[in-house]
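Student: Quick one: sequence and predicted model below, then my questions.
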Amino acid sequence: MTLVEQQGVWNGRQRKIKSLMCQIDKKETLSVIADIKDWQARYENVENLPLAFYLKYKKLLSSYKDAGKSKEEVLYFFSKIAEDYQDGSAFVHEIMDLIEGYCRPDFRVWSK
């Protein structure tokens with residue numbers, strides 16, 4: 001496969017991911033942002049987040065996975081939230097670490 005063909009495949013894949021993640025609607029986005037604002041109001045930074053934060057988001061991520069969403073789709077969704085909500089991006093990045101598997105093994109939703 002040529003470089004141009006590989007780029008075409010990659011672009012097609014990205015369009016598909018964006019399209020699929022649109023199925024997680026604006027209401028879900030606003031719900032996640034509101035929840036992050038709540039955590040942010042109680043905890044100044046991510047260093048002091050309680051176990052409940054990670055358990056809550058592991059459960060949410062598991063529900064996305066069970067609904068057939070891929071790791072890449074969910075990662076894209078949360079990266080857009082981090083872009084749109086800069087004030088809470090450190091908290092969103094904690095969630096993205098769970099998606100990527102940069103967490104305790106028992107918190108992983110998608111295997112590496």
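Tutor: That came through, no problem.
Student: Would you mind pulling up the elements that whatever helix or strand Ile33 lives in packs against?
Tutor: Under the criterion of DSSP states H and E, Ile33 resides in helix 26-42. Contacts defined by 3 or more Cβ pairs under 8 Å, 6 or more residues apart in numbering; DSSP states H and E place helix 26-42 against helix 51-66, helix 71-84, helix 89-100. Glycine gets a C-beta too; all of them are placed from N, C-alpha and C.
Student: And for the shortest one, what's in contact with it?
Tutor: So that's helix 89-100. With contact meaning Cβ atoms under 8 Å, 6 or more residues apart in numbering, helix 89-100 is reached by 36, 39-40, 45-46, 49, 53-54, 57-58, 61, 71, 74-75, 78-79, 81-82, 85, 103, 107-110.
Student: mind saving the C-alpha coords of that helix as CSV?
Tutor: Taking C-alpha atoms only, helix 89-100 is exported to CSV below (Å, rounded to 0.1, in the frame of the first residue of the first chain):
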residue,chain,number,x,y,z
SER,A,89,-8.7,19.4,31.1
ALA,A,90,-6.6,17.9,33.8
PHE,A,91,-9.6,16.0,35.1
VAL,A,92,-10.5,14.9,31.6
HIS,A,93,-6.9,13.7,31.1
GLU,A,94,-7.3,11.5,34.1
ILE,A,95,-10.3,9.9,32.4
MET,A,96,-8.3,9.6,29.2
ASP,A,97,-5.6,7.8,31.2
LEU,A,98,-8.2,5.2,32.1
ILE,A,99,-9.1,4.8,28.4
GLU,A,100,-5.5,4.4,27.4
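Student: What residues of it count as buried?
Tutor: By 16 or more other Cβ atoms under 10 Å, the buried positions in helix 89-100 come out as 89, 91-92, 94-96, 98-99.
Student: again, but for the first one
Tutor: By neighbour count with 16+ other Cβ under 10 Å, helix 51-66 contains the buried residues 53-54, 57-58, 60-61, 64-65.
Student: swap in stretch 42-50?
Tutor: Going by 16+ other Cβ under 10 Å, stretch 42-50 has these buried residues: 46, 49.
Student: Report the separation between the two terminal residues of it.
Tutor: End-to-end distance for stretch 42-50: 10 Å, by Cα to Cα, to the nearest Å.
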